[in-house]
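Peer 1: okay, predicted coordinates and the sequence, questions at the end:
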Amino acid sequence: MSVNSASVPLSILDLAPIGPDETPKQSFENSVALAQTAERKGYTRVWYAEHHNMPVIASSATSVLIAHIAAHTSTIRLGAGGVMLPNHSPLTIAEQFGTLESLHPGRIDLGLGRAPGGDRAIFNALRRDPGASEQFPQDVLELQAYLGAESRVASVSAYPGKDTNVPLYILGSSLFGAQLAAALGLPYAFASHFAPDALHEAVALYRRDFKPSEQLDHPYVIAGANVFAADTTADAEAQFEAARRRRVRGMIARNQAGIEYTDAQIDEFLTTPAGANIANMMRMTAVGTSDEVADWLSEFALTAQADELIVAHGALDVADRLRSVELAAPAI
């Protein structure tokens, strides 16, 4: 074994996938089973991300899904990884997460992202202005105040929300999030599970410029990775290849709807420059047996200077995902 990662907490990003021939209801049942497995195996938290207009992801109503999972678990922390704040008013999110914290005290996290969770059409459908992203720093502060003791908006408070002090996390895949998290003294979660290129530079900047706050007195970094753990290395590799092909098909389908590609064609595409760019998105991926995944995560935590790892178990079949959660648990 390589570096011991026992001191680094391990958490899960559940992408709430809707598998082939599955319904959203089945996806939610799978997410309950995954969270219950994670709780039993000692994971720190499970987060769910806001996505829109994506037929293979069921976490668009993020706070509703968190409430459902919390009602079916007992101790594990649950939260957003994250809410795309430009899509919402800070007051609305404060009320939603204030409600969650009131129902499940001490178990709720609120990760915040600046991306829209979709394209310009999504902004229009949500009745939001694309320029809302420019207000992200101010909106974070407004939201934080709603969840604290004193609102920044005269004569407006969040009920529920006020004095719940739901912990905030800044999510990012570029230097902007690192700078903001450092300036506000908040934990920083880097999305290296799909955008790994700026990881080391962003973490170094965040640690260098961090300013202590009421929530946090020292830097805290969460780094993302993908995990495909199975009983044999060959099985884990096969699960990874199947998941990567599905991702490539989904990305190609956005521009070439109705065209079906064979596995061989997808593999050939991955050898092209465009395909290599997509493959690079999943570069931070642990594939193998329990011991092999534990070794990879140990080394990743060290090189990423991470205080915690959050992993997405990407197997397409729910039974394989649950087994992956179990097999990766020794890395805790």
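Peer 2: Arrived safely, thanks for sending.
Peer 1: can you give me the strands for the chain?
Peer 2: For the chain, the strands defined by DSSP state E cover 10-14, 45-48, 77-84, 108-113, 168-172, 188-190, 221-229, 285-288, 308-313.
Peer 1: dump these to CSV, plus mean pLDDT, mean neighbour count and distance to Pro273.
Peer 2: Any C-beta I mention is one placed from the backbone N, CA and C, and that applies to glycine too. As requested, the strands of the chain are arranged in CSV below (pLDDT from 0 to 100; neighbours: other C-beta atoms under 10 Å; distance: least, C-beta to C-beta, whole Å):
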stretch, mean pLDDT, mean neighbour count, distance to Pro273
strand 10-14, 98, 25, 28
strand 45-48, 98, 27, 33
strand 77-84, 97, 26, 30
strand 108-113, 98, 26, 28
strand 168-172, 98, 25, 26
strand 188-190, 98, 29, 25
strand 221-229, 98, 27, 22
strand 285-288, 98, 22, 20
strand 308-313, 98, 25, 25
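Peer 1: so who does Ala182 touch?
Peer 2: When the contact criterion is C-beta atoms under 8 Å, 6 or more residues apart in numbering, the partners of Ala182 are Tyr188, Leu205, Tyr206, Arg207, Arg208, Asp209, Phe210, Lys211, Pro219.
Peer 1: can I get the buried part of those residues as one PyMOL selection?
Peer 2: To isolate the buried members of the contacts of Ala182 in PyMOL, using 16 or more other C-beta atoms under 10 Å:
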select buried, resi 188+205+206+207+210+219
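Peer 1: the contacts of Ala182 in helices, which ones?
Peer 2: When the contacts of Ala182 are checked against helices (DSSP state H), the matches are Leu205, Tyr206, Arg207, Arg208, Asp209.
Peer 1: the residues you listed into TSV, with extra columns for distance to Met54 and pLDDT?
Peer 2: What follows is these, written out as TSV (distance: C-beta to C-beta, whole Å; pLDDT from 0 to 100):
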residue	distance to Met54	pLDDT
Leu205	31	98
Tyr206	29	98
Arg207	33	98
Arg208	36	98
Asp209	34	98
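Peer 1: state the distance from Ser74 to Asn277.
Peer 2: Counting by C-beta to C-beta, to the nearest Å, the separation of Ser74 from Asn277 is 42 Å.
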